[in-house]
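A.B. asks: pasting the sequence and the predicted coordinates here, then a few questions.
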Amino acid sequence: MDKKIITSWSLLSLAMFIICDVLMGGNSSDITKTAVFAIVLYLVLIIGGLRNWRLAYHFLLFVVGIYTLTMIRIVFIFATEHNSGVSILTFILAVLGIIVNLLWYRIAAKQIKTDYVRIVKKNVKK
């Protein structure tokens, strides 16, 4: 699988999370800290994956999962609390973010499987 495709989907996933986080509101310094942390985390793992660091996509799998749970939380808040302050736009973007992340998993699974095979072959003694 082409790592540039995984990188593109990872950046789209990051953008969806940041947009949802900003639209949810809250303290602006908290939003800034969260966004900077997410950007650094994603970029370090994306660069690691592009440079053939063996576990980069495995850690990115975990990170995307955490941010997917955040978007699922937004959907549940919208669905259960009528006066939650979650706008319909935030709800729609959270649903789209979940879809993007699920597609990311589908695309990245092939690369992760390739990495596992490479790691096993390297470590198996002949």
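C.D. replies: Received, thanks.
A.B. asks: what sits against residue 63?
C.D. replies: 41, 42, 45 (C-beta atoms under 8 Å, 6 or more residues apart in numbering). Any C-beta I mention is one placed from the backbone N, CA and C, and that applies to glycine too.
A.B. asks: swap the cut-off to 6 Å and go again
C.D. replies: Residues near residue 63 by C-beta atoms under 6 Å, 6 or more residues apart in numbering: residue 41.
A.B. asks: per-residue pLDDT of it, please?
C.D. replies: We have a pLDDT of 95 for residue 63.
A.B. asks: next structured bit after the helix or strand hosting it?
C.D. replies: Using DSSP states H and E, residue 63 sits in helix 56-80. Toward the C-terminus, helix 56-80 is succeeded by helix 88-123 as the next helix or strand (DSSP H and E).
A.B. asks: report how many residues lie close to residue 113.
C.D. replies: The number of residues packed near residue 113 is 11, by other C-beta atoms under 10 Å.
A.B. asks: and the gap between it and residue 107?
C.D. replies: Residue 113 is 12 Å from residue 107, where distance means C-beta to C-beta, to the nearest Å.
A.B. asks: which regions of the chain sit below the pLDDT cut-off?
C.D. replies: Of all residues in the chain, those with pLDDT under 70 make up the ranges 1, 82-86, 116, 119, 125-126.
A.B. asks: 90 instead?
C.D. replies: Residues of the chain meeting the criterion pLDDT under 90: 1-4, 23-31, 49, 52-58, 74, 77-90, 107-126.
A.B. asks: go ahead and flag the most central residue of it.
C.D. replies: Nearest to the mean C-alpha position of the chain, counting by C-alpha atoms, centre = their mean, stands residue 64 at 2.8 Å.
A.B. asks: pretty sure it contacts residue 100?
C.D. replies: No - between residue 64 and residue 100 there is no contact under C-beta atoms under 6 Å: 9.3 Å.
A.B. asks: okay, and the common contacts of those two?
C.D. replies: Common neighbours of residue 64 and residue 100 (C-beta under 6 Å, 6+ apart) are residue 13.
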